[in-house]
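>>> I need the structure of the sequence given here:
(2 chains)
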Amino acid sequence: MQFGIFSVGDVTPDPTTGRTPSEAERIQAMTAIALKAEEVGLDVFATGEHHNPPFVPSSPTTMLGWIAARTERLLLSTSTTLITTNDPVKIAEDYAMLQHLAGGRVDLMMGRGNTGPVYPWFGQDIRQGINLALENYDLLRRLWREDVVDWQGRFRTPLQGFTSTPRPLDGVPPFVWHGSIRSTEIAEQAAFYGDGFFHNNIFWPASHTRQMVQLYRERYEAYGHGPAATAVVGLGGQVFMAERSQDAVRRFRPYFDSAPVYGGGPSLEEFSRQTPLTVGTPDQVVEKTLTFADYAGDYQRQLFLIDHAGLPLAEVLHQVELLGERVVPVLRREFEARRPAGVPSDPPTHASLREAGEDSPNAHVRPHERHLQEVR
Amino acid sequence: MTTRPERHRSLVVVSAGLSTPSSTRLLADRLAAAASAALTESGDTVTVETVELRELAHDLTDQLLTGVPSERLEQVQTSLAAADGVVAVSPIFTASYSGLFKTFLDLLEPGLLAGKPVLLGATAGSARHSLALDQAMRPLFAYLRAVPTPTGVVAATSDFASARGADEAEDDLSERVARAGAELAAFVRAADGRAVDEPRPAAEQAGLTPFEQLLAQARR
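This is a model prediction of the structure:
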């Protein structure tokens, strides 16, 4: 099973000091967090993509390329890559290049972005968000799998005799996750292609996450990729730890109370009760995280949000250490102990996809059609 | 003559009163009782669930901020979606329904009240606010594609028995309450067999569009 960090990349004042980090400091902090994640034995670092203040990561492959050069094992991912407002041609090129530079340590999570004003800056319209995600991603799959693409669609200019370069490393397109909180179309999309499904999980009662993941699992099986229990699932989580739980609560509360998204809303206690947020000891984080598998099924990737709401870098690095030293080793053991035979521990990686070759749905533009042909 | 089979009806009563006891709740209870009586008279069984928005005020603000309903607020929204009829009563504040009442409606899934029979009620300090029901509440429910009964009931302070002339005022209110309740009952019965096709919130959609169809639609 893979464990890691996902960062939104917000520049937020530290509510305890009133100080706002510069963009330079925030960008350096994000890369420092990624390096620390590798150092303490975590598996994944994923960055968000945003094109408006107060967020810094507008250029994910630049950042991930830098991190790739400084790391050996860390898998580099996104949370999310905007499949709506980015040109799928540029996504194909950028991430194939990153794949080569990172020696295959790359996958991506597709997302739509929910900020209305961003869309027109890129010539798009948020009301077409789902349709953009569907058409653009289908084109992206072709760009990575067909050497020469002739294509015509609704949202970009036609392509005639186009070859996206560089070609994916070893001819193996990066594995793709689709992130969605409540759009059933996206769960359906992930299932159709045999891709991974990631539920952000962190603002939502367990019942919502369960419903979406269950839908994805059922549809994954329906499209012939294997039993529902073997579908590729990732979940988010949000934690803040200290040796004593009362210290964790005391130190995190000012950040919680003024956090973007939920600040000024429910109390820390209510939010902890209703969502996966865990503020407490490393043992409490272990205990709560293990319950995720009770409602989402045994899964393959767990990402934690730990660096938002103005938390200072030193504190965040301490949290990464606690994850690496006290939480993840226990979670690895416990999750494998409960995992039924036949349910994969890890999501597909570059190595496993290269090994699987044509047998993997990832090798095909429309893997479902291949199953249909086998049936005939 | 054919006998109608006995049907079970669920009424959800939404009261946006703030004090305890509140005249808004008082009116809501009377409207619910009148609608229940009219339904029971024609052989139906009725359950009434009453929602005091005051108790959900923090949950509503939280959902405004986080976009996610608390568990108990979600339960209320689910009950409302499943209701055969709704009684919705707000105090009139500053010439319109209260902000709490509007917030509750703002946070419902689009289409949740579509096609649903609704009895509108309002309480006000004086009868001079009576038009707020027809000029503010009714257009709101038209937007929500709900089906409000022709009679909405405004109860002013004077309707709730002042020292003098109480009998006259009280009679008038009772009459209006009974008429509105009977109208809601008639609308609930008339909705039999047609509510099925009304849109439901995405989370409840059992059917899912197969992917190839989704993709074809996207490119149209």
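
>>> what's the neighbour count on B:S174?
13 (other CB atoms under 10 Å in any protein chain shown). Every C-beta, even on glycine, is put in place using the N, C-alpha and C of the backbone.

>>> Three-state assignment for it, please.
helix (DSSP: H, G, I helix; E, B strand; the rest coil).

>>> do the same with B:T47
strand.

>>> skipping adjacent residues, who's closest to it in space?
B:S10 (5.2 Å; CB to CB, 6 or more residues apart in numbering or on different chains).

>>> give me every residue that touches that neighbour.
B:S10 is in contact with B:V46, B:T47, B:V48, B:E49, B:S79, B:A82, B:A83, B:D84, B:G85, counting by CB atoms under 8 Å, 6 or more residues apart in numbering or on different chains.

>>> wasn't it part of a helix?
No - under three-state DSSP, B:S10 falls outside any helix and is assigned strand.

>>> pLDDT score for it?
B:S10 carries a pLDDT value of 97.

>>> go on, B:T2?
pLDDT, B:T2: 50.

>>> same check on the one 4 residues further on?
B:E6 is assigned a pLDDT of 75 by the prediction.

>>> what does B:D192 give?
79.

>>> tell me the contacts of it?
B:R7.

>>> what of B:G99?
B:F93.

>>> so what pLDDT did it get?
98.

>>> could you do A:P260 as well?
Predicted confidence (pLDDT) for A:P260: 86.

>>> ok, residues contacting stretch A:158-168?
A:89, A:92-93, A:96-97, A:99-100, A:143-144, A:147-152, A:174.

>>> which of those are buried?
Among the contacts of stretch A:158-168, the ones that count as buried by 16 or more other CB atoms under 10 Å in any protein chain shown are A:V89, A:A92, A:E93, A:A96, A:M97, A:Q99, A:H100, A:L143, A:W144, A:V149, A:W151, A:P174.

>>> is it fair to say the first one lies in a helix?
Yes - with three-state DSSP as the criterion, A:V89 is assigned to a helix.

>>> ok, it - contacts?
A:L139, A:L143, A:R156, A:L159, A:F162, A:S164.

>>> mind checking which of those residues are in helices?
A:L139, A:L143 (DSSP state H).

>>> in TSV, list the contacts of A:V89 along with distance to B:A28 and pLDDT.
TSV is the format used below for the contacts of A:V89 (distance: CB to CB, whole Å; pLDDT from 0 to 100):
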residue	distance to B:A28	pLDDT
A:L139	55	98
A:L143	60	98
A:R156	55	95
A:L159	62	98
A:F162	65	98
A:S164	63	98
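
>>> report all helices and strands that the host helix or strand of B:P91 contacts.
Using DSSP states H and E, B:P91 maps to strand B:85-93. Applying 3 or more CB pairs under 8 Å, 6 or more residues apart in numbering or on different chains; DSSP states H and E, we find strand B:85-93 packed against strand B:8-15, helix B:23-41, helix B:99-106, strand B:117-124, helix B:166-190.

>>> close to chain B: what parts of chain A are there?
A:130-132, A:134-135, A:138, A:153-154, A:182-185, A:188-189, A:191-192, A:203-205, A:208, A:211, A:215, A:219, A:223, A:261-266, A:270, A:274-275, A:368 (CB under 8 Å from any CB of the partner chain).

>>> which of those fall within strands?
Of the residues of chain A next to chain B, none are assigned to strands by DSSP state E.

>>> where exactly do the strands run in chain A?
Using DSSP E, strands in chain A cover A:2-7, A:44-47, A:75-78, A:81-82, A:107-111, A:149-151, A:159-162, A:175-179, A:196-199, A:233-241, A:278-280, A:301-305.

>>> residues contacting the second one, please?
Surrounding strand A:44-47, the residues in contact under the criterion CB under 8 Å, 6+ apart are A:2-7, A:9, A:30, A:33-34, A:37-38, A:57, A:60, A:63-64, A:67, A:74-79, A:109, A:301, A:303.

>>> good, wrapping up.
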